[in-house]
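[1] Provided below are the primary sequence and the corresponding predicted coordinates.
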Amino acid sequence: RILDVNGAFTRVTGYSREEALGQTPALLNSGLQDTAFYRDMWQRLNETGQWQGEVWNRKKSGELYPEILHINAVTKGDDITHYIGMFLDITDLKNTQQRLENLANYDSLTGLPNRVLLADRLHQALANAKRHNQLVAICFLDLDDFKLVNDQYGHETGDHFLIEIAQRLLGTIRVNDTVARLGGDEFVLLVTDLEHPGELDPILARVCASIARPFQLGDIDLGVSVSIGVTLYPLDDSDPDTLLRHADQSMYQAKQTGRNRYHVF
């Protein structure tokens, strides 16, 4: 039973001292830790007289929050008489951690996966394709004449344009596929779970048609097309970096043969 709490406890949890006294620590239970977690905690406390770890608890308002919790046993002779718990609310630390993970894995402009996360997903996709005897398409996209948009209307308009491009690309792919931005106007589509190459044709046709639709940004009308280079694993049985390079080479073939199309390596 809780015998006393300090002012920091009431500020963090929302429970007054009067509401907490006489209750058990289950007052704050979030339900996110299972019985095995608490069993291990008590085993450690009984064996060593102390425990520390990360716990998710629930405030009086119902809001969940993470904390670093230290529990120490108070003994008299060989008997445990009390436990003292001290915790630190680490919500800000968790939020910072999440922001750093987002910066490391996602493009800051469009919110799409960046080169780092794409590499991780590409490795997973290749392993799954080999295991299930399926095809993976690596598609390198480059917008045609995007430089003219930046030169004519400025980089801020260009950024809004790229955000809209990202949303259109997300609207054309399936749930298990990936759209990533490498930088500038270069994007990569990772299309998985293909049984034969022909399944890719309607997907890329949708991509080309979606990008080619006119854009309206304020009072500015914009229009671009896209050139796409494609390579198919394991028909192209190369490592991830080489696959991306082959798709990039094929994209330049698409540009040289007229743009607004795709070319397969």
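    Right, received. Where do you want to start?
[2] which residues are contacting the longest strand seen in the chain?
    Counting residues, the longest strand in the chain under DSSP state E turns out to be strand 64-76. Contacts with strand 64-76, where a contact means CB atoms under 8 Å, 6 or more residues apart in numbering, come from 12, 30, 32, 41, 45, 49-59, 80-91, 93-94. Where you see a C-beta, it was placed from the backbone N, CA and C, and this is true even at glycine.
[3] quick check: what element follows it along the chain?
    Counting by DSSP states H and E, the next helix or strand C-terminal to strand 64-76 is strand 79-89.
[4] return the distance of that following strand from the chain's centre.
    37 Å (CA atoms, centre = their mean, to the nearest Å).
[5] how about the strands in this protein?
    Per DSSP E, the chain carries strands over the ranges 50-58, 64-76, 79-89, 135-144, 178-183, 186-194, 215-217, 220-222, 225-233, 261-264.
[6] could you pull out the buried residues of the longest one?
    Residues Tyr65, Pro66, Glu67, Leu69, Ile71, Asn72, Ala73 are the ones in strand 64-76 that count as buried (16 or more other CB atoms under 10 Å).
[7] which among these gets closest to Arg206?
    Pro66 (41.8 Å; CB to CB).
[8] roughly how far apart are that closest one and Thr157?
    Distance of Pro66 to Thr157, given as CB to CB, to the nearest Å: 41 Å.
[9] follow-up on the earlier one: now render the strands of the chain as a markdown table, adding distance to Ala125.
    Output for the strands of the chain, formatted as a markdown table (distance: least, CB to CB, whole Å):
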| stretch | distance to Ala125 |
| --- | --- |
| strand 50-58 | 32 |
| strand 64-76 | 32 |
| strand 79-89 | 39 |
| strand 135-144 | 5 |
| strand 178-183 | 8 |
| strand 186-194 | 5 |
| strand 215-217 | 30 |
| strand 220-222 | 33 |
| strand 225-233 | 8 |
| strand 261-264 | 18 |
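[10] what residue of this structure is the furthest out?
    For the chain, the residue at maximal distance from the C-alpha centroid (CA atoms, centre = their mean) is Gly77, at 52.1 Å.
[11] so what does it look like in phi/psi?
    phi 70, psi -130 (degrees, to the nearest 10).
[12] now do it against Trp42, distance only.
    Using CB to CB, one gets 21 Å for the distance from Gly77 to Trp42.
[13] can you check Glu186 too?
    55 Å.
[14] just Asp78 next, same as before
    Counting by CB to CB - Asp78 and Trp42 are separated by 18 Å.
[15] who has more neighbours, the two?
    More crowded of Asp78 and Trp42, by other CB atoms under 10 Å: Trp42, with 11 against 5.
[16] let's see the pLDDT reported for the more buried one.
    Trp42 carries a pLDDT value of 93.
[17] tell me the contacts of it?
    Shown in contact with Trp42 (CB under 8 Å, 6+ apart): no residues.
[18] hey, C-alpha coordinates of stretch 137-146 in PDB?
    The C-alpha coordinates for stretch 137-146 follow below in PDB (Å, rounded to 0.1, in the frame of the first residue of the first chain):
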ATOM      1  CA  ALA A 137      10.700  -4.900 -59.100                       C
ATOM      2  CA  ILE A 138      13.100  -2.100 -58.300                       C
ATOM      3  CA  CYS A 139      11.800   1.000 -60.200                       C
ATOM      4  CA  PHE A 140      13.900   4.200 -60.400                       C
ATOM      5  CA  LEU A 141      11.800   7.300 -61.100                       C
ATOM      6  CA  ASP A 142      13.000  10.700 -62.300                       C
ATOM      7  CA  LEU A 143      10.600  13.600 -63.100                       C
ATOM      8  CA  ASP A 144      11.000  15.000 -66.600                       C
ATOM      9  CA  ASP A 145      11.900  18.700 -66.700                       C
ATOM     10  CA  PHE A 146      11.400  19.200 -63.000                       C
END
